[in-house]
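> Please work out how this folds:
(one chain, ligands or ions: 1)
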Amino acid sequence: MKSKQKQQQSTATTLLWFRRDFRLVNNPAFSFAISQGGPVLAIYIENTGPDLSWRPGAASRWWCHHSLMALSDKLAEQGVELKYFHGDPGKLIPSIMHESGATTICWNRLYEPEELKLDQSIERSLDELAVHKFDSHLLFPPGTLLNQQDQAYRVFTPFWKKARVKLDFEGVNPVIRKQRKKITGYNKKLLEECSLGELALLDKNNWHTKLNQHWVPGEDAALKTAKRFIKNKIETYDTQRDIPSVQGTSKLSPHLHFGEITTTQLVYSLLREDWPGTHLSSVERFLTELGWREFSTHILWHFPHTVSKPMNDKFLNFWPKKVNQKYLNAWKTGMTGIPIVDAGMRELWETGSMHNRVRMIVASFLTKNLGIHWLHGAKWFWDTLVDADLASNTLGWQWVAGCGVDAAPYYRIFNPYTQADRFDKEQKYIQKWAIESGKHGLTPIIDIKASRQLALERYKKSNRS
Ligand SMILES: Cc1cc2nc3c(=O)[nH]c(=O)nc-3n(C[C@H](O)[C@H](O)[C@H](O)COP(=O)(O)OP(=O)(O)OC[C@H]3O[C@@H](n4cnc5c(N)ncnc54)[C@H](O)[C@@H]3O)c2cc1C
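Numbers count the residues shown, from 1 in each chain. All right, here's what the predicted structure looks like:
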């Protein structure tokens, strides 16, 4: 009986569903698939199902395309072919299992509302024992960090305090062994599979080609970026992270979003090191930023409606429905005449990214000075950021707009000129991206002082009603 079971275990195919975990190291679903002993059928499905409201934007799809290429090469080295599909994963997965004869499926969980629904629908359509799900996207899965009343934290500081203590006491334990076991790939052609090109992830108008100059997607590049940052930059992170003209941050956000590296790997590398006292505040600061990623995903899990509605109900009808398109277009194209805002928006257009400090400045300008709903800004970021992440983007926008959890109060309106004086004193960032904006030509589309005053009055009025 035992030997029959063993034989069954070693011959049945395991379906390994890659979602946004494009790595082989510290990937519990991948390790599980190998441990089953039979052929591994590795798949990626581009979700074109009807229910997806936040379909990945152009920059994100560019990243995904290249990251899949890198993943496919890595899997091929192990003898496994990555197979591509497009359609509704809820329908495709049962049919792939049926056609391939796979008896087991495994994946690493994602926590966005629509991904969770998808999990449920797939689980409902399969045998309970066939499904194996793992947590690796975060340090702590949502729902495992609650306050004393067993409720979600709505404020970052106590949330992170609790998480940080857990990290010190329990540590993290990434599986970072090199894969030695021989893997058998499932290499038969399946009816509905297609090529990577047929997923059509690359934008037809070729905007994305410029992204090649700035980014290298994939697990190897992620590890290299992390190592370089920890070796050369982390010691000054605390003082440099707010200066947009220097490369003082890790640039890991798109790698983390696509799961080419995990926060567990980063935290493990940082906590096992014996840092000199002078570096400690920088290391702690960096960990805290990883904590914000964690926090945003927990918040979205607890409050899924926040992808389109403000966390704070008071702001439900705060912004006018009718949008001033002239203002919105000037903002998107970096033609507002406010140098730091234009610099940020052009950096975004050219590189698919924007420095965090400048993200806050441009978001405050849009939602407060221009009086435009945060969702319009969030959607533009969603389409143009290589690190576009539903949880972090939603939290970031609502935080700045003043309507989210633990948000900057609405009346704290960033003055883009004083921000530039403080964080771009020598105007290096502005000179790089928007030299002709401001003094050299463009007239500001709005008066900063007057629009600030208007925003405050709008806020006071809404508070009274
Ligand atoms: C309006 C707005 C929108 C944003 N949209 C996104 C988004 O779509 N995707 C995204 O990853 N980040 C977003 N952020 C957060 C932040 O700007 C980026 O994570 C950061 O700029 C990425 O650069 P880095 O990797 O060099 O960060 P580092 O400073 O090196 O930080 C390390 C990591 O910590 C995480 N992190 C840092 N700051 C934050 C934060 N405020 N919230 C959540 N996670 C954080 C990221 O994963 C980041 O890679 C947004 C912030 C604002 C104000």
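> ok, stretch 347-363 near the ligand or not?
Yes: using C-beta under 6 Å from any ligand atom, stretch 347-363 reaches the ligand at 356, 359-360, 363. C-beta here means a position set from N, CA and C on the backbone, and glycine is covered the same way.
> any idea which of these is closest to Thr209?
Nearest to Thr209 among these: Arg359, at 23.8 Å, using C-beta to C-beta.
> Go ahead and report the secondary structure state at the spatially closest residue to the closest one that is not a sequence neighbour.
Closest residue to Arg359 apart from its sequence neighbours, by C-beta to C-beta, 6 or more residues apart in numbering: Gly396 at 6.5 Å. Following DSSP: H, G, I helix; E, B strand; the rest coil, we place Gly396 in the helix state.
> cool, the one 4 residues further on as well?
Three states are possible here, and by three-state DSSP the one that applies to Val400 is helix.
> what does the stretch 351-465 of the chain have sitting close to the ligand?
Checking the stretch 351-465 of the chain against the ligand by C-beta under 6 Å from any ligand atom, the hits are 356, 359-360, 363, 381, 385, 387-389, 392-393, 396-397, 400.
> cutoff 5 Å now
With the criterion set to C-beta under 5 Å from any ligand atom, the stretch 351-465 of the chain comes near the ligand through 356, 359-360, 363, 387-389, 392-393, 396-397.
> out of those residues, which is most surrounded?
Per-residue neighbour counts (other C-beta atoms under 10 Å) across these peak at Trp397, which has 27 neighbours.
> Domain boundaries for the protein, per the record?
As assigned by automatic domain parsing, the chain contains the domains 13-136, 138-174+219-302, 313-464.
> can you give me the offset of the longest helix belonging to the chain from its chain's centre?
Identified as the longest helix of the chain according to DSSP state H is helix 277-302. With C-alpha atoms, centre = their mean, to the nearest Å as the basis, helix 277-302 stands 14 Å off its chain's centre.
> what about that helix and the ligand, touching?
Yes: Helix 277-302 lies within reach of the ligand by C-beta under 5 Å from any ligand atom, at 289-290, 292-293, 296.
> Name the member of those residues that has the highest neighbour count.
Ranked by neighbour count (other C-beta under 10 Å), those have Ser296 at the top, with 24 neighbours.
> Could you tell me which residues make contact with it?
389, 391-392, 394-396 (C-beta atoms under 8 Å, 6 or more residues apart in numbering).
> So Tyr44: helix, strand or coil?
Three-state assignment for Tyr44 (three-state DSSP): strand.
> Could you give the average pLDDT over the longest helix of the chain?
Predicted confidence along helix 277-302 averages 97 (mean pLDDT).
> Now the closest residue to Gln265 other than its chain neighbours: which helix or strand?
Nearest non-adjacent residue to Gln265, counting by C-beta to C-beta, 6+ apart: Pro174, 5.0 Å away. If you go by DSSP states H and E, Pro174 is not part of any helix or strand.
> and Pro174, what is it in contact with?
Residues in contact with Pro174 (C-beta under 8 Å, 6+ apart) are 25-26, 262, 264-265, 268.
> make it 7 Å
Taking C-beta atoms under 7 Å, 6 or more residues apart in numbering, we find Pro174 in contact with 26, 262, 264-265, 268.
> Mind checking which of the residues you listed are in helices?
Per DSSP H, helices hold the following members of the contacts of Pro174: 264-265, 268.
> How many residues are close by Glu457?
Around Glu457 there are 10 residues (other C-beta under 10 Å).
> Sorry, wrong one. I was asking about Ile446.
For Ile446, the tally of surrounding residues (other C-beta under 10 Å) stands at 19.
> So it, which state does it fall into?
Quick answer, by three-state DSSP: Ile446 is coil.
> Please name the nearest non-neighbouring residue to it.
Ile446 sits nearest to Asn369 (C-beta to C-beta, 6+ apart), 5.7 Å away.
> before we move on, what about Val267?
Spatial nearest neighbour of Val267, chain neighbours left out: Val172 (5.1 Å); criterion: C-beta to C-beta, 6+ apart.
> measure that neighbour to Phe159 for me?
Distance of Val172 to Phe159, computed by C-beta to C-beta, to the nearest Å: 17 Å.
> These two: which has the busier surroundings?
Phe159 (24 against 20).
> these two touch, right, the more buried one and Arg293?
No: Phe159 lies out of contact with Arg293 (C-beta atoms under 7 Å); the separation is 12.0 Å.
> What's the nearest residue in the stretch 251-400 of the chain when you look at the ligand?
Here the stretch 251-400 of the chain gets closest to the ligand at one residue, Gly396, 2.6 Å apart by C-beta to the nearest ligand atom.
> what's the spacing between that residue and Leu202?
Counting by C-beta to C-beta - Gly396 and Leu202 are separated by 26 Å.
> and what of Ile372?
Computed as C-beta to C-beta, the Ile372 to Leu202 distance reads 30 Å.
> Looking only at neighbour counts, state which of the two leads.
The residue with more neighbours, out of Ile372 and Leu202, is Ile372; 21 against 18, by other C-beta under 10 Å.
> how close does that one sit to Val323?
As defined by C-beta to C-beta, Ile372 lies at a distance of 6 Å from Val323.
> And for Phe315?
16 Å.
> between those two, who's got more neighbours?
Between Phe315 and Val323, Phe315 has the larger neighbour count (other C-beta under 10 Å), namely 21 against 14.
> Would you list the phi and psi of the more buried one?
Phi and psi for Phe315, reported as degrees, to the nearest 10, are phi -100, psi 10.
> wait, doesn't it sit right on Cys403?
Yes: with contact defined as C-beta under 7 Å, Phe315 reaches Cys403; the gap is 3.7 Å.
> tell me the mean pLDDT over stretch 140-148?
96.
> mind listing what's buried in it?
140-142, 145 (16 or more other C-beta atoms under 10 Å).
> next one: stretch 61-73
Under the neighbour-count criterion of 16+ other C-beta under 10 Å, stretch 61-73 has 61-68, 70-72 buried.
> Adding distance to the ligand, pLDDT and secondary structure as columns, could you present the residues you listed in a markdown table?
Formatted as a markdown table, the buried residues of stretch 61-73 follow (distance: C-beta to the nearest ligand atom, whole Å; pLDDT from 0 to 100; DSSP: H, G, I helix; E, B strand; the rest coil):
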| residue | distance to the ligand | pLDDT | secondary structure |
| --- | --- | --- | --- |
| Arg61 | 14 | 97 | helix |
| Trp62 | 15 | 97 | helix |
| Trp63 | 12 | 98 | helix |
| Cys64 | 14 | 98 | helix |
| His65 | 18 | 98 | helix |
| His66 | 17 | 98 | helix |
| Ser67 | 15 | 98 | helix |
| Leu68 | 19 | 98 | helix |
| Ala70 | 18 | 98 | helix |
| Leu71 | 20 | 98 | helix |
| Ser72 | 24 | 98 | helix |
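> for this structure, which spans come out with low pLDDT?
For the chain, the stretches with pLDDT under 70 are 1-10, 176-180, 438-440, 464-465.
> go with 50
Counting by pLDDT under 50, the chain has low-confidence residues at 1-8.
> in it, which spans are strands?
Under the criterion DSSP state E, the chain contains strands at 14-18, 40-47, 82-87, 104-108, 131-134.
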